[in-house]
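Engineer: just need the structure, nothing else, for what follows:
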Amino acid sequence: MAKETNLVRRVSVKSANQNIQNFKSGDTVNVFVKIKEGEKERIQLYKGLVTKIQGSGAAKAFTVRKMSAGVGVERTFPFASPALDKVEVVNVGKVRRAKLYYLRSLTGKAAKIESELVGSTKATAAAAE
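Structural biologist: Take a look at the predicted model:
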């Protein structure tokens with residue numbers, strides 16, 4: 001029995017994708033997704049708000065919500081997915097919840113989250129001086 005748990009642990013502990021920045025619920029992110037069309041492969045941008053981060057280990061995933069033609073669209077991405085090219089943080093949101101389900105019922109300005117624009121380290125260092 002002990003051998004099985006070690007095997008499961010070794011399989012489930014996968015090296016983290018180095019192109020994924022640290023982010024939390026409430027942040028606006030750019031998710032670059034690899035799309036395979038026939039023999040060709042391209043990268044598509046999916047920009048939205050992180051509504052939740054769930055799971056742990058190899059099963060860890062995050063959900064991103066965006067508005068598309070006035071309709072809310074949510075998509076869940078596993079952290080260990082080979083389809084993820086990279087994830088960039090655009091805005092850091094100020095929220096007091098881990099799961100932002102309440103945003104589903106809000107529209108317009110009410111659905112906005114107070115945030116700070118994330119810039120390059122040079123720009124923030126220059127602003128501090």
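
Engineer: now do the SS call for the nearest residue to residue 62 once chain neighbours are set aside.
Structural biologist: Nearest residue to residue 62 in three dimensions, chain neighbours excluded: residue 53, at 4.7 Å (Cβ to Cβ, 6 or more residues apart in numbering). (Glycine included, C-beta is placed from N, CA and C.) Here residue 53 is strand, with the state taken from DSSP: H, G, I helix; E, B strand; the rest coil.

Engineer: ditto for residue 47
Structural biologist: Following three-state DSSP, residue 47 is assigned to strand.

Engineer: still on that earlier bit, quick one: the residue nearest to residue 62 and residue 40, what's the gap?
Structural biologist: Distance check for residue 53 against residue 40: by Cβ to Cβ, to the nearest Å, it reads 32 Å.

Engineer: contacts for stretch 33-49 next, please.
Structural biologist: Stretch 33-49 is contacted from outside by 26-32, 64-66, 73, 75, 77, 82-85, 90, 93, 100, 103, 113, using Cβ atoms under 8 Å, 6 or more residues apart in numbering.

Engineer: in which helix or strand does residue 6 reside?
Structural biologist: Element membership of residue 6, judged by DSSP states H and E, is helix 2-12.
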